[in-house]
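Engineer: here is my input, please return the structure:
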Amino acid sequence: MWVGVDVGKAHHWVVVIDDQGQVRRSSRVANNEPALQALVAEVVALDSRPVWAVDLTAVEAALLLTLLWASEQEVRYLPGKALNRAAAGYRSEGKTDAKDARVLADQARLRRDLQRLRPTEELVVALRLLTSRRADLIADRTRTINRLRQHLTAICPGLEQAANLTRQRGWLVLLAAYQQPAAIVAVGVERLAEFLAGRASAPPTRSPRPP
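Structural biologist: Next up is the predicted model:
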C-alpha cells in the first residue's frame, strides 16, 4: 500500500492506494494522537510494509512523523512545488486536499527517487519537544475549560449545560465579557451578535436556558 498525506494544521487528508493505483481509503483524519495511531494501525493491517508520502515536514506534521517513525514506517517526501507540478497531470477539477493526497500516494507508488525521511538525532529531539509542548497546551486548555465549567455551574447551571466550550470559540468570547446571566439577558440577542461579529466569532448555535 501507498499512503499519501496532505498535511494540515487541525486535520490531514489521507489517501491509501494499492499496487494497481486503486483508492482503498480517502478520508480526513484529525491531527491528534488517538486518531493518527488508529490510522497507522488500520493501514498496517492492510499492508505490513506500507510507504507513506508527505508534502510538508513543518510543525503541522510533527506528531504524524513522530508516530510513523515510532512505528518504524517508511516515509517519503515530495516538496510542495514538485507536488503541484505532478498534480497538473492528474485529471481533476480544482485543487483539493483529497486530490493532493491522492497524487502523493501515486507518486510514491510510481517513483523511486523520492527522498526518504529519516529521523536524525536533532530532528527527533525537536519533534519530541514540539509534541511535548503540544500535549502541555492541550492539558492546560482542558484544565481551564473544566474550571470554567465549575464556575458556570455555580453561577447558572443552565448556561453551563448549553455552552459548548470545546468546539465553539463564540462561547469563550462571550463569557470573557459577560459572566452573569442577568447581564447576558440585559444585553440582548442583537447586541450580543454584533459583539461577537466584531470579534470575528460566530454566535453560539445553542441558546442558554433562562436563568
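
Engineer: what segments of this structure are helices?
Structural biologist: Assigned by DSSP state H, the helices in the chain fall at 33-46, 62-70, 80-87, 97-110, 121-155, 157-162, 169-177, 181-187, 189-197.

Engineer: deepest-packed of these, please.
Structural biologist: helix 97-110 (a mean of 22; mean count of other CB atoms under 10 Å). Every C-beta, even on glycine, is put in place using the N, C-alpha and C of the backbone.

Engineer: what does it contact?
Structural biologist: By CB atoms under 8 Å, 6 or more residues apart in numbering, the residues outside helix 97-110 that reach it are 2-6, 8, 12-17, 19, 21, 23, 26, 28, 51-55, 76, 78, 83, 86-87, 90, 92, 114.

Engineer: got the angle for that helix vs helix 80-87?
Structural biologist: 90 degrees (axes from the mean of the first three to the mean of the last three CA atoms, to 10 degrees).

Engineer: and helix 97-110, how far from the chain's centre?
Structural biologist: 19 Å (CA atoms, centre = their mean, to the nearest Å).

Engineer: mean confidence for that helix?
Structural biologist: Mean pLDDT, helix 97-110: 92.

Engineer: and stretch 119-128, by the same measure?
Structural biologist: 65.

Engineer: give me the domain ranges for the protein.
Structural biologist: 2-119, 122-197 (automatic domain parsing).

Engineer: lowest average confidence across the ones you listed, which one?
Structural biologist: domain 122-197 (a mean of 79).

Engineer: return the distance of that one from the chain's centre.
Structural biologist: 19 Å.

Engineer: also stretch 62-70?
Structural biologist: For stretch 62-70, the distance to the chain centre is 14 Å (CA atoms, centre = their mean).

Engineer: over to stretch 71-78?
Structural biologist: Distance, centroid of stretch 71-78 to centroid of chain: 19 Å (CA atoms, centre = their mean).

Engineer: give me the buried positions along that stretch.
Structural biologist: 73-78 (16 or more other CB atoms under 10 Å).

Engineer: biggest separation within the residues you listed, which pair?
Structural biologist: Spanning the widest gap among these are Gln73 and Leu78, at 16.1 Å by CB to CB.

Engineer: check contacts around Arg199.
Structural biologist: So Arg199 contacts Val173 (CB under 8 Å, 6+ apart).

Engineer: pLDDT wise, what is it at?
Structural biologist: 72.

Engineer: mind checking how far it is from Val75?
Structural biologist: 40 Å (CB to CB, to the nearest Å).

Engineer: likewise for Asn32?
Structural biologist: Relative to Val75, and taking CB to CB, Asn32 is found at 19 Å.

Engineer: may I have the beta-bridge partners of Val29?
Structural biologist: His12 (DSSP bridges).

Engineer: that one touches Val15, doesn't it?
Structural biologist: No - using CB atoms under 8 Å, Val29 is not in contact with Val15, being 10.7 Å away.

Engineer: comparing these two, which residue is more hemmed in?
Structural biologist: A direct count of neighbours by other CB atoms under 10 Å for Val29 and Val15 places Val15 higher, at 25 against 18.
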